[in-house]
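> for reference, the sequence and a predicted model appear below.
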Amino acid sequence: MSAVAQKSNMHGYEQLTSQPIANLDNATIAHPDRLDAIVRVLTCGSVDDGKSTLIGRLLWDASDLPDDTRATINRSVDADGVPDVSLLVDGLVAEREQGITIDIAWRYFDAGHRRYVIIDSPGHEQYTRNMATGASHADVAIMLIDARHGVKRQTRRHAAILDLMGVRRVILAVNKMDLIIWSEEKFRAIERDFQQLVRRFNFIEAAAIPVAAKRGDNVARRSDQAPWYHGQTLIERLSEVSNRDTAINAPFRFPVQSIIRDGLDFRGLSGTVATGSIQVGKSVQLNNSGATARIRRIVTMDGDLDIAVAGNAVVLQLDADYDVSRGAILAEAVQPPIYAQSLQARLVWLAETPLDTDHGLLIRTSTDLTPVSSLSVTAKLDLETLAENPATICLPNDVFLADISTSRPIAIDRFSDVSETGCFVLVDALSGSTLACGVVVQAHEHVLKHPSARPSFTLSVAQLEREICAGLSSSSDEFHRRANAVARILESAGLSVDIKRD
């Protein structure tokens, strides 16, 4: 174990190195949970297509349910004597009374070498915001279609939201095949329609499976009702689906959540590594100043680390003190985020009332919250043709394009480049309620306003000790407070300030 890993308290780091780790094989790393063994599955589609029944059937056939639960379900049979497995999912009283899903239902089961997290999202149009929330967590989506009705408007809306939220793998479950007497002709027609739909988006997988969730045909067991179908069952297909592309291989991004002090000399930046990895001794750039610093320590409750990867909650100590606060993003200097004040975004409007561009809005990105100075709708998705037509207004549940300007520059990425820091939500400036979620299509960097383009000025500790910080050598906190105050004043005048230690 390296010297860095052995040093676990927050004091006295004089023996620690700021050089990059030479032998990564022996480095101390806190690996996140085995994400490859956990697959998050969203079910969505039009209302009454059988989402809750399908998930209930998966739980019934593929998981180890308690005996008392099975006994309860066995007592709830329909006219055909088939247990109502949807009761395993529809948890809210309002849902059971209406026979629909309103909120997102989360269920878990293990099958083979994997654990599945099932997310049952609402089908009704007025609950689109709930479905969008579920999609933000999903690795793969099961799109249900009633074999009698085929692709609907809400199916197209859900496909658009899946694409917007970055879900790239979709399984088409053509449900209630028993009600069309397992017609291959009708199944193939629906399959062709769906393939035309998904080609309009960025899905990389879109398999189709004929199922009858009520009796479990082609869900966890192969059906003898469709001898013409030679593909996989639903659970077989899920067992081969990979989760979203790991964030560990993306550029390093560390949104700062808070500043940690120990009352002495320790000052660290607390947060969770959003993407990529970082190691002791590596150079990082601060988006709010353009300044660079090296990682001195990576601190956790269980001791210091040599390397932190995506998903790790850590405290990063830099080898220099800069004015950093919540909302800043640390990144590698060679692949920084875009520092922009205007961007083009694709959004889904989640509020129950139309968009009012004169209403006060805030944009929340990672840990930052910034006032929106202007928002203009430029186009709206037509759910019939899937074309983005020019528009200026936005109604509830619309998927639309907009130009957004913020009151100050923010650090952000294009969603196609780094999804974790390329998404955002819009919130009401007065109530704090969420109004929309969106992804960045393009961000326009204002070169003249970027800190790295400002005239630079180096402020040495010796200069500070002779002037504004004279006599404060024994009070580290007050010294840093005054030094950072001077730096802020100079930066507000257009200078990029680097406080250099002798």
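Arrived safely. Residues are numbered from 1 along each chain as shown.
> burial of the nearest residue to residue 180 once chain neighbours are set aside, as a residue count?
Excluding its sequence neighbours, the residue lying closest to residue 180 (CB to CB, 6 or more residues apart in numbering) is residue 147, at 4.8 Å. Just so you know, the C-beta spots here come from the backbone N, C-alpha and C atoms, and that holds for glycine as well. Using other CB atoms under 10 Å, the number of residues around residue 147 comes to 23.
> and residue 147, what does it touch?
174, 175, 176, 177, 179, 180, 183, 186, 187, 190, 210 (CB atoms under 8 Å, 6 or more residues apart in numbering).
> now residue 88
Taking CB under 8 Å, 6+ apart, one finds 55, 56, 59, 60, 65, 69, 73, 107 in contact with residue 88.
> tell me the buried residues within those.
Among the contacts of residue 88, those buried by neighbour count (16 or more other CB atoms under 10 Å) are 55, 56, 59, 60, 65, 73, 107.
> ok, the second one touching residue 89?
Spelled out, it's residue 56. Yes: with contact defined as CB atoms under 8 Å, residue 56 reaches residue 89; the gap is 5.2 Å.
> after the helix or strand where residue 161 lies comes which helix or strand?
Here residue 161 sits within helix 153-164, counting by DSSP states H and E. Using DSSP H and E, the helix or strand that follows helix 153-164 in sequence is strand 169-175.
> please identify which helix or strand holds the closest residue to residue 198 other than its chain neighbours.
In this structure, residue 198 finds its nearest non-sequential neighbour in residue 206, 4.4 Å apart by CB to CB, 6+ apart. Assessed by DSSP H and E, residue 206 sits inside strand 205-210.
> could you give the angle of that strand to helix 153-164?
Counting by axes from the mean of the first three to the mean of the last three CA atoms, to 10 degrees, strand 205-210 points 150 degrees away from the direction of helix 153-164.
> helices and strands around the helix or strand hosting residue 347, which ones?
Element membership of residue 347, judged by DSSP H and E, is strand 338-349. Packing partners of strand 338-349 (3 or more CB pairs under 8 Å, 6 or more residues apart in numbering; DSSP states H and E): helix 153-164, strand 399-412, strand 434-445.
> what lies in contact with the strand or helix carrying residue 71?
Per DSSP H and E, residue 71 falls inside helix 67-74. The contact list for helix 67-74 (CB under 8 Å, 6+ apart) reads 60, 83, 84, 85, 87, 88.
> before we move on, what SS does the first one have?
Following DSSP: H, G, I helix; E, B strand; the rest coil, the label given to residue 60 is helix.
> the residue nearest to residue 198 contacts residue 173, correct?
No: counting by CB under 8 Å, residue 206 sits too far from residue 173 to count as a contact (11.7 Å).
> run the chain-centre distance for the helix holding residue 161.
Counting by CA atoms, centre = their mean, to the nearest Å, helix 153-164 is centred 18 Å from the centre of its parent chain.
> number the residues from 367 up from this point.
Right, with 367 as the first residue, what we last looked at is helix 519-530.
> buried sites along that helix?
Result for helix 519-530 [16+ other CB under 10 Å]: buried residues 520, 521, 522, 523, 524, 525, 526, 527, 528, 529, 530.
> what helices or strands is it leaning on?
Using 3+ CB pairs under 8 Å, 6+ apart, helix 519-530 sits against strand 404-411, helix 494-501, strand 506-512, helix 550-564, strand 704-715, strand 765-778.
> tell me the mean pLDDT over that helix?
Average pLDDT, helix 519-530: 86.
> same deal with stretch 695-704?
89.
> buried residues in it?
In stretch 695-704, counting by 16+ other CB under 10 Å, buried: 695, 696, 697, 698, 702, 703, 704.
> report the beta-bridge partner residues of the last one.
Partner residues in beta bridges with residue 704, using DSSP bridges, are residue 778.
> which ones are touching the nearest residue to residue 753 once chain neighbours are set aside?
Among residues not flanking residue 753 along the chain, residue 747 sits closest, at 7.7 Å (CB to CB, 6+ apart). By CB under 8 Å, 6+ apart, the residues touching residue 747 are 526, 753, 754, 764, 765, 766.
> do the same with residue 512
Counting by CB under 8 Å, 6+ apart, residue 512 has contacts 412, 414, 415, 416, 541, 542.
> and with 6 Å instead?
Residue 512 is in contact with 415, 542, counting by CB atoms under 6 Å, 6 or more residues apart in numbering.
> look up how far residue 448 lies from it.
18 Å (CB to CB, to the nearest Å).
> quick one on the thing from earlier: from the contacts of helix 433-440, which is closest to residue 731?
Distance to residue 731 across the contacts of helix 433-440 (CB to CB) is lowest for residue 454, with 37.7 Å.
> how does the protein divide into domains?
Following automatic domain parsing, one gets these domains for the chain: 369-396+613-697, 401-606, 704-811, 820-866.
> which one of those domains has the lowest average pLDDT?
domain 820-866 (a mean of 63).
> does residue 604 count as helix, strand or coil?
helix.
> and it, how many neighbours does it have?
The burial count for residue 604: 23, using other CB under 10 Å.
> how far away is residue 776 from residue 705?
Residue 776 is 8 Å from residue 705, by CB to CB.
> with residue 550 instead?
For residue 550, the distance to residue 705 - CB to CB - is 56 Å.
> try residue 553
51 Å.
> swap in residue 735?
Residue 735 is 17 Å from residue 705, by CB to CB.
> do residue 667 as well
Distance from residue 667 to residue 705, by CB to CB: 32 Å.
> go on, residue 538?
41 Å.
> and the two? Which one has more around it.
Neighbour count, other CB under 10 Å: between residue 538 and residue 705, residue 538 has more, with 26 against 22.
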